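>>> 3D, please:
(one chain, ligands or ions: 2)
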Amino acid sequence: KGNHWGYGKEDGPSIWHKNFPTADGDRQSPIDIIPKEAPCDPNLGQIVLNYDQCTSLNITNNGHSVVVEFDDTDDRSVIQGGPLDNPYRLKQFHFHWGGKGCHGSEHTVEGMSYASELHLVHWNAVKYKSFGQAAEAPDGLAVLGIFLDTGDDHRWLHMVTDALYMVKFKASVTDFKGFNPKCLLPSSLHYWTYLGSLTTPPLHESVIWIVLKEPIIVSEKQLGKFRMLLFSGEEEDQRLRMENNFRPPQPLKGRKVRSSN
Ligand SMILES: COc1ccc(C[C@H]2SC(=S)NC2=O)c(OC)c1
Ligand SMILES: [Zn+2]
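Residues are numbered from 1 along each chain as shown. Ligands and ions are numbered 1, 2, ... in the order given. All right, here's what the predicted structure looks like:
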């Protein structure tokens, strides 16, 4: 039906523009980040993450990714500083990843992609009354992007991967309380920032992107657990493995990417 979309040949990123014309807009994401064309802006302060009072609620397979949702009814967990004029409330985080051994990040760095990319999605509750309203405003969302590279086991990611068997099928959800995503941050908060969009339909051009330069390291075994998820629901007869759920880089169209120090 009209708003159906996916990552396959028939319904993937190259087709999205048919039902979602914003796909051909002037501030689409992800992009290829070229560090030497992203000058350091001394006016860019550091980003500040206050996640210690965060309240994770559940983990769900929405048929496109696996999402951990947070209680965003107050300002208990926010991102602020850097390019942001207000604090933005943490709403959810999710991942994008590739197939066996191949790459899966959405942003690339000089054409190089990582194995996966974590998105921590925040919304501007100072200016907008709801997440939905913020998601349609040019300064409504702030997404913190973190690259995942492969190497040793990540000491805390198992908290997430151990829950994935519970949400194998599309539309499955299970409790996921007491998880603080600060354990998924790299040691450095140095970042690139630019104005972009949601990377899936409806592709709203409402995201202030903050992409961390330093990846976190996770093991191939941990990444493999994401690939046991399915795009399909329990009642469907085809079992489509959830992998390669990433949109490729989009045209920069004259946008400037800035770098923190
Ligand atoms: C308001 O409707 C939506 C729809 C989809 C997503 C998730 C997309 S956007 C992104 S960045 N990565 C993703 O996979 C939203 O997240 C903010 C919001
Ligand atoms: Zn995403």
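>>> Which residues of this protein lie near ligand 1?
65, 94, 119, 121, 135, 141, 143, 198-200 (CB under 6 Å from any ligand atom). Bear in mind the C-beta positions are built from the backbone N, C-alpha and C, glycine included.
>>> what sits against residue 5?
By CB atoms under 8 Å, 6 or more residues apart in numbering, the residues touching residue 5 are 11-12, 15-16, 19-20, 200-201.
>>> can you rerun that using 7 Å?
Residue 5 makes contacts with 11, 16, 19, 201, as judged by CB atoms under 7 Å, 6 or more residues apart in numbering.
>>> what about residue 14, neighbour count?
11 (other CB atoms under 10 Å).
>>> Please, where are all the helices along the stretch 51-200 of the chain?
Listed in chain order, the helices of the stretch 51-200 of the chain (DSSP state H, counting those that start in this stretch) span 131-134, 158-161.
>>> tell me the most buried of those?
Counting by mean count of other CB atoms under 10 Å, helix 158-161 has the highest mean neighbour count of the helices of the stretch 51-200 of the chain, with a mean of 19.
>>> any idea how far that helix is from the chain center?
17 Å (CA atoms, centre = their mean, to the nearest Å).
>>> before we move on, what about stretch 156-170?
Worked out by CA atoms, centre = their mean, stretch 156-170 lies 17 Å from the chain centre.
>>> That one: which residues count as buried?
157, 159-161, 163-164, 167-170 (16 or more other CB atoms under 10 Å).
>>> Show me how to select, in PyMOL, the buried members of the contacts of residue 5.
In PyMOL, a selection of the buried entries from the contacts of residue 5 looks like this (16+ other CB under 10 Å):
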select buried, resi 16+201
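>>> Counting only helices, which of the contacts of residue 5 make the cut?
16, 19 (DSSP state H).
>>> what's the closest of the contacts of residue 5 to ligand 1?
Comparing the contacts of residue 5 against ligand 1 with CB to the nearest ligand atom places residue 201 closest, at 7.1 Å.
>>> With distance to residue 44 and pLDDT added, can I get the buried residues of stretch 156-170 in a markdown table?
A markdown table is the format used below for those (distance: CB to CB, whole Å; pLDDT from 0 to 100):
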| residue | distance to residue 44 | pLDDT |
| --- | --- | --- |
| 157 | 29 | 98 |
| 159 | 32 | 98 |
| 160 | 30 | 98 |
| 161 | 34 | 98 |
| 163 | 36 | 98 |
| 164 | 36 | 98 |
| 167 | 37 | 98 |
| 168 | 41 | 98 |
| 169 | 42 | 98 |
| 170 | 39 | 98 |
